[in-house]
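Undergrad: output the structure for:
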Amino acid sequence: MKNIVVTNLYGKFNLGDNAIRNSGLDILDEAIAKKNVFLLCESDTDFPIQTHLKEYQISFAPYGYAIRANAKPLNKAFKFYRFFQIFFISLLYLILGFFSYKFLPTNGFYKYILWIKNSDVVVAMGGGYLITSIFLTDFFGILLNLLPIYAAKIYKKKIIFLPMSFGPFAHKIDEQIVGSAVKNSIFLSREEISTNIVSKFNKKVTQIPDLALLDWKKNANGKKENYFVLTFRESLDVNPSTQNSLEKEVSKFITYVFEKYGYTCVFIPMASNPIEENDLIVAKAIQSHLEGKSYFIVLKPTNPEDAKLIISKARFSVCNRLHSAIFSATVFTPFITISYAHKTIGFLKMLGLDSWNIPMKEISFKDLVQKFELLNEQPNYDAYIHVLEKEQTKISASRQEMLAILKHEL
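TA: Here you go, the predicted structure:
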């Protein structure tokens with residue numbers, strides 16, 4: 001019987017993380033027949049895990065515990081206080097637990113350390129959380145995300161990182177800290193750019209596409225309706241006035257597409273966490289620029305499948321969120337991306353579609369119109385769908401490759 005700790009399961013407020021989590025847990029369930037599974041999540045309650053796993057125990061991940069039970073963002077001072085408290089108490093228990101089990105809590109949040117000490121393997125769920133944008137603020141966040149990994153290292157446990165990106169980082173110190181965490185682990189990288197960076201720290205890297213792509217099935221293209229999907233986030237590294245300018249450019253594009261082609265814009269908030277990442281704030285800002293025009297609609301799907309259904313009927317999508325682009329690919333809806341990190345570029349390069357990207361800092365009404373008009377030409381539109389159909393065949397085989405790796409390592 002294997003004891004498996006799976007850490008950094010997010011998804012309650014993020015549709016992309018939700019899709020990653022569900023796919024990852026299903027593959028783990030298939031990889032090992034007999035197991036005890038312990039899940040470290042953003043919440044220890046009200047967490048609807050859609051998975052084939054029949055039995056599991058659930059508790060907070062350190063970062064989830066730090067931002068728990070809040071309906072609005074924490075002020076920085078209180079956030080730092082919680083981060084320091086969790087980090088140093090965890091460190092104390094880690095040291096004590098190195099000498100004897102009897103020092104480790106068997107209930108409450110800090111029982112996660114006992115779970116790791118008793119485990120055979122620690123699995124880090126995939127995604128894009130190995131990243132920092134603001135040196136000091138994000139530094140403590142990345143430390144908390146990595147605490148279970150460092151605990152596993154202290155107790156000499158096998159560590160597997162499911163497909164994820166590596167970086168970018170606000171400072172070299174951040175990169176070194178994360179690099180030391182992934183060293184000597186089994187690291188699955190979800191795109192080539194991350195593979196090249198993480199290989200500086202770990203030679204045992206295998207490239208496997210994002211977990212949300214691994215259930216990509218051949219579906220007949222449904223009838224497209226007269227709308228397009230937009231996802232947009234607050235930029236990681238621009239000031240409020242620049243963010244406002246970006247939103248104005250997007251708003252002009254929305255008006256242009258409606259007035260020329262009659263396509264309504266459907267905004268999907270991929271992240272709606274009131275504590276930190278909330279795309280609904282951006283939707284509200286765009287609505288204000290459009291002065292409440294009826295051709296801008298906000299829909300809030302509660303799960304990835306509902307989001308895919310909306311995207312599948314769209315003529316096209318404009319994706320600032322990576323997983324909205326991934327969802328678009330899996331339902332064969334052509335998309336234009338607005339990238340804010342190399343994970344998006346890496347995904348597009350994997351598909352051979354990197355010409356359909358605009359860097360977030362360079363968004364302009366002109367560039368959006370140019371990309372859209374090119375995409376909207378029927379030969380280009382059909383060719384785009386053909387590329388997706390061709391890549392689907394290749395990527396669907398990656399699930400079996402990953403399953404073979406997990407069965408071998410576990």
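Undergrad: for the stretch 101-250 of the chain, give me the ranges with low pLDDT.
TA: Along the stretch 101-250 of the chain, the model assigns pLDDT under 70 to residues 218-221, 236-238.
Undergrad: could you redo the last one with a cut-off of 90?
TA: 101, 126, 128-129, 133-141, 143, 203-204, 214-223, 234-243 (pLDDT under 90).
Undergrad: can you map out the helices along it?
TA: 112-117, 135-154, 172-182, 192-198, 240-261 (DSSP state H, counting those that start in this stretch).
Undergrad: of those, which approaches residue 230 most closely?
TA: helix 240-261 (7.2 Å; C-beta to C-beta). The C-beta positions use only the backbone N, C-alpha and C, and glycine is treated the same way.
Undergrad: the helix or strand just after that closest one packs against which elements?
TA: Moving toward the C-terminus from helix 240-261, the next helix or strand (DSSP states H and E) is strand 264-267. If contacts are counted by 3 or more C-beta pairs under 8 Å, 6 or more residues apart in numbering; DSSP states H and E, strand 264-267 sits against strand 227-231, helix 240-261, helix 279-289, strand 296-298.
Undergrad: in the second one, what's buried?
TA: It refers to helix 240-261. 243, 246-247, 250-258 (16 or more other C-beta atoms under 10 Å).
Undergrad: of all the helices of the stretch 101-250 of the chain, which one is nearest residue 311?
TA: helix 240-261 (16.2 Å).
Undergrad: quick one, the closest one and helix 279-289 angle?
TA: 60 degrees (axes from the mean of the first three to the mean of the last three C-alpha atoms, to 10 degrees).
Undergrad: what angle separates helix 240-261 from strand 227-231?
TA: Going by the same axes, to 10 degrees, helix 240-261 makes 170 degrees with strand 227-231.
Undergrad: what lies in contact with helix 240-261?
TA: 226, 228, 230, 232, 234-235, 238, 263-265, 282, 285-286, 289-290, 293, 295-296, 318, 360, 363-365, 368-369, 372, 376 (C-beta atoms under 8 Å, 6 or more residues apart in numbering).
Undergrad: let's see that with 7 Å instead.
TA: By C-beta atoms under 7 Å, 6 or more residues apart in numbering, the residues outside helix 240-261 that reach it are 228, 232, 234-235, 263-265, 282, 285-286, 289-290, 295-296, 363-365, 368-369, 372.
Undergrad: what separates stretch 245-259 from the chain centre, distance-wise?
TA: Centroid displacement of stretch 245-259 relative to its chain, using C-alpha atoms, centre = their mean, to the nearest Å, is 26 Å.
Undergrad: mind listing what residue 227 touches?
TA: 263-266, 314-315.
Undergrad: hmm, I typed the wrong one, I wanted residue 234.
TA: Contacts of residue 234 by C-beta under 7 Å, 6+ apart are 243, 281-282.
Undergrad: relative to residue 272, how far out is it?
TA: Using C-beta to C-beta, to the nearest Å, residue 234 is found at 12 Å from residue 272.
Undergrad: same thing with residue 110?
TA: Going from residue 110 to residue 272 by C-beta to C-beta gives 29 Å.
Undergrad: ok, residue 81 next?
TA: According to C-beta to C-beta, residue 81 and residue 272 sit 26 Å apart.
Undergrad: likewise for residue 225?
TA: The spacing between residue 225 and residue 272, counted by C-beta to C-beta, is 24 Å.
Undergrad: more neighbours: which of those two?
TA: residue 272 (18 against 14; other C-beta atoms under 10 Å).
Undergrad: so which strand or helix has residue 399?
TA: Assessed by DSSP H and E, residue 399 sits inside helix 398-409.
Undergrad: show me what that helix is packed up against.
TA: Helix 398-409 is packed against helix 15-31, with contacts defined by 3 or more C-beta pairs under 7 Å, 6 or more residues apart in numbering; DSSP states H and E.
Undergrad: and the angle from the next helix or strand after the helix it packs on to helix 135-154?
TA: Once the chain leaves helix 15-31, the next helix or strand it forms, by DSSP H and E, is strand 35-41. Orientation of strand 35-41 against helix 135-154 (the same axes, to 10 degrees) gives an angle of 160 degrees.
Undergrad: pLDDT on the next helix or strand after strand 35-41, on average?
TA: Counting by DSSP H and E, the element after strand 35-41 in chain order, helix or strand, is strand 57-60. Averaging pLDDT along strand 57-60 gives 88.
Undergrad: kindly format the C-alpha coordinates of the very next helix or strand once past strand 57-60 as PDB.
TA: Later in the chain than strand 57-60, the nearest helix or strand by DSSP H and E is helix 62-66. Extracted C-alpha coordinates of helix 62-66, given in PDB (Å, rounded to 0.1, in the frame of the first residue of the first chain):
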ATOM      1  CA  PRO A  62       0.500  25.900   3.500                       C
ATOM      2  CA  TYR A  63      -0.300  28.700   1.000                       C
ATOM      3  CA  GLY A  64      -4.100  27.900   1.200                       C
ATOM      4  CA  TYR A  65      -3.900  28.000   5.000                       C
ATOM      5  CA  ALA A  66      -2.200  31.400   4.900                       C
END
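Undergrad: phi, psi for residue 383 please.
TA: phi -60, psi -40 (degrees, to the nearest 10).
Undergrad: and the gap between it and residue 396?
TA: 21 Å.
Undergrad: now the angle from the longest helix belonging to the chain to helix 135-154?
TA: Counting by DSSP state H, the longest helix found in the chain is helix 76-99. Using the same axes, to 10 degrees, the inter-axis angle of helix 76-99 relative to helix 135-154 is 10 degrees.
Undergrad: any idea how far helix 76-99 is from the chain center?
TA: 26 Å.
Undergrad: and for stretch 143-163?
TA: With C-alpha atoms, centre = their mean as the basis, stretch 143-163 stands 19 Å off its chain's centre.
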